[in-house]
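Next one to model:
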Amino acid sequence: MWGCCGSCRCSPSLACTFSAPFSHKPNMSNNTVGENGTAHDMQSTAYALMYGSVMALGLPLNAVSLWILLRRHGITSPSTVFMVNLAISDLLLVISLPARVFFYATGTWPLGSLACVCFTMLFRNNFRSSIIFITFISVDRLLAVVYPLRSRRVRTTANAWRAAVLIWLLLYTVNVPESVKSMRIVNGYNGSLCFEFRRRSGDSHISFLHSFFSVFVLTLLGVNIVCTVLVTWTLRRRVNESAKVDNKVNVMLILAVNLLMFTIFFLPLSLFMFKSAVPYITPMTCFATVNCCLDPLLQHSVTSIDKAHVASPNRKGIICTCFAQKNVKTKHGLYLK
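This is a model prediction of the structure:
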């Protein structure tokens, strides 16, 4: 999405190599130009290796994880619905990575503008959908632990599917104007560049996307922090020694992994986008793709919780803190499901 400014020759790395009349250093020696070209080649090689490693690791991990979720556990809870959609999102990311590996390894894009835009939209949708579904999982844990009775009508598999379908529809609706704008930019380079055409400064469309993504990530990060604080407080206050410690640990592991995902992968990228720190956006985008290799850890924790339930009486005599979608009879004849 970034584009070069001025009269320059774009390479598939972070920087532009300006022609002599527009160079900031017109007397630059050939040795300096050669060193810059070598640095650009090293950066491109690093990106290709990084994307290739994520592809090689993420494809089997998420494929196996999706198979386990669908065949062995079944979709029996809202959290499982969100985990299935998260695995699908990660697989979409992996599908888009071979194109990036080829581009950064060769420095060329022979597939044309349409293919470039399609791969770009797949890549963007992974980040957006991953952030949303990770947040949905945190909110689901919040409702299950803090509001087990009041949320039982909301926390249903059908509602989870409705929310997931709505998210996908919104994402692909947003892709329509993005694709039109991106197509114009790619066509400006005769379809010979891809993934690195976002460097054009002063583009209001790109600036808006960067600002919106930053606010979007920070908002959902705040939601995850609130969920973590409330769930931690509830577990420490209500779960007594008779509760199964394994489930308590798994709940906290889910929330901890969610916060780590945001803090390590998504937060730095959103901050650099907000500040329009162009030289750092490409490497941070590359690094953020590693999140798809860690999502199976989150899926394992969720499925472990959904296979067990915890029932312990609190001070009010009502059984709370039900971590699974099991039928649990309370003291007053109520059932949590």
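
Please enumerate the helices of this structure.
Taking DSSP state H as the test, the helices found in the chain are 30-67, 78-106, 112-146, 157-187, 204-238, 245-260, 267-274, 278-288, 291-306.

and these as a markdown table, adding mean neighbour count?
No exception for glycine: its C-beta is placed from N, CA and C like everyone else's. Supplementary listing: those in a markdown table, determined by neighbours: other CB atoms under 10 Å:
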| stretch | mean neighbour count |
| --- | --- |
| helix 30-67 | 16 |
| helix 78-106 | 22 |
| helix 112-146 | 21 |
| helix 157-187 | 15 |
| helix 204-238 | 16 |
| helix 245-260 | 18 |
| helix 267-274 | 19 |
| helix 278-288 | 18 |
| helix 291-306 | 22 |
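
So for Phe195, which of those helices sits nearest?
Between Phe195 and these, the shortest gap by CB to CB is with helix 78-106, which sits at 5.8 Å.

list the helices and strands the closest one packs on?
The criterion is 3 or more CB pairs under 8 Å, 6 or more residues apart in numbering; DSSP states H and E, and the helices and strands that helix 78-106 contacts are helix 30-67, helix 112-146, helix 157-187, helix 291-306.

To Met83, which of these lies closest?
When the helices and strands packed on helix 78-106 are ranked by proximity to Met83, the top entry is helix 291-306, at 4.8 Å, counting by CB to CB.

Give me the mean pLDDT for the closest one.
Averaged across helix 291-306, the pLDDT comes to 72.

do the same with stretch 212-224
Here stretch 212-224 scores 89 as its mean pLDDT.

Verify the stated contact: Phe119 with Ser96.
Yes. Between Phe119 and Ser96 there is a contact under CB atoms under 8 Å: 4.8 Å.

one step back: in TSV: the helices and strands packed on helix 78-106, plus distance to Phe213.
Shown next, in TSV, are those (distance: least, CB to CB, whole Å):
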stretch	distance to Phe213
helix 30-67	20
helix 112-146	8
helix 157-187	11
helix 291-306	15
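
Tell me which of those helices lies nearest to Val81.
Proximity to Val81, assessed across the helices and strands packed on helix 78-106 by CB to CB, is greatest for helix 157-187 (3.8 Å).

Packing partners of the closest one?
In this structure, helix 157-187 packs against helix 78-106, helix 112-146, with contacts taken as 3+ CB pairs under 8 Å, 6+ apart.

wait, Cys194 sits on Trp109?
Yes. Applying CB under 8 Å, one finds Cys194 in contact with Trp109, separated by 4.1 Å.

just to revisit the earlier point, so which of the helices and strands packed on helix 78-106 is nearest Leu230?
Between Leu230 and the helices and strands packed on helix 78-106, the shortest separation by CB to CB is 5.4 Å, and it involves helix 112-146.

I'd like the mean pLDDT over stretch 87-107, please.
For stretch 87-107, the mean pLDDT works out to 91.

Hmm, I typed the wrong one, I wanted stretch 153-166.
94.

and if you look at stretch 235-246?
Stretch 235-246 comes out at a mean pLDDT of 58.

And stretch 170-185, by the same measure?
Throughout stretch 170-185, pLDDT has a mean value of 87.

and if you look at stretch 58-70?
Stretch 58-70 comes out at a mean pLDDT of 90.

rewinding a little: select, out of the helices and strands packed on helix 78-106, the one closest to Thr219.
With CB to CB as the criterion, Thr219 lies closest to helix 112-146 of the helices and strands packed on helix 78-106, at 9.2 Å.

between that closest one and helix 204-238, how many degrees?
Our comparison of helix 112-146 with helix 204-238, counting by axes from the mean of the first three to the mean of the last three CA atoms, to 10 degrees, yields an angle of 20 degrees.

Can you report the mean pLDDT over the residues of helix 112-146?
The average pLDDT for helix 112-146 rounds to 90.

Show me what it is packed against.
Taking 3+ CB pairs under 8 Å, 6+ apart as the contact definition, the neighbouring helices and strands of helix 112-146 are helix 78-106, helix 157-187, helix 204-238, helix 245-260, helix 291-306.
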